[in-house]
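Could you look at this predicted model? Sequence included:
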Amino acid sequence: MTKTIDVEIYGQRYAIRGDADDAYIRRLAHFVDDHMRHLAEGMKTSTPSKLAVLTAINLAHQLFESEKKRAQGEADVERRMAVLMDSIDEQMPTSLFR
C-alpha cells in the first residue's frame, strides 16, 4: 500500500511516497542529511542544490566501489574453488571414475 512519509533533509521537508517501511525511509533520509551536512562543513559557501549533487556523486562513488569490491570477492571465491577442485581431482584415484 502506497503511503506518504514526511522527512527532513538539510532543512527542507520532503513527502516521500512509496511502499517501504517508515523507519527505513527515515533512515535513508537521515543518511543523506548526514552526508550533506558533512560536505557542507568542508565548504565555505554552497547552495543546497550543489550540496545535493555533490552528495549524490559521493554516494554513487561509494556504491561503485562497493560493487567493485563485491565483484572482486566473487572472482576470488571462484578462483579458490577452481584451485580446490583441481587439488581434489589430483588427490582422487582415477579408478573411481571409470
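Sure, I can see it.

Check which helices and strands the helix or strand hosting Gly73 sits against.
Following DSSP states H and E, one finds Gly73 within helix 48-91. In terms of contacts (3 or more CB pairs under 8 Å, 6 or more residues apart in numbering; DSSP states H and E), helix 48-91 is packed against helix 22-41. The way it works is simple: take the backbone N, C-alpha and C, and place the C-beta from them, glycine included.

what's the average pLDDT for the helix it packs on?
For helix 22-41, mean pLDDT is 96.

Check stretch 60-68 too.
96.

what about the residue nearest to the spatial centre of the chain, distance to His38?
The residue lying closest to the centre of the chain (CA atoms, centre = their mean) is Leu63, at 4.4 Å. Separation of Leu63 from His38 (CB to CB, to the nearest Å): 17 Å.

Could you do Asp22 as well?
25 Å.

for Met85, same thing?
46 Å.

Could you pull up phi and psi at the nearest residue to Asp33 once chain neighbours are set aside?
What sits nearest to Asp33 in space, not counting adjacent residues and going by CB to CB, 6 or more residues apart in numbering, is Ile9, at 4.6 Å. Note on Ile9: backbone dihedrals following degrees, to the nearest 10 are phi -130, psi 120.

What is the neighbour count of Ile9?
21 (other CB atoms under 10 Å).

can you pull up the bridge partners for it?
Beta-bridge partners for Ile9, by DSSP bridges, are Gln12.

Spit out the contact partners of it.
29, 32-33, 36 (CB atoms under 8 Å, 6 or more residues apart in numbering).

Right, I'll call it a day here.
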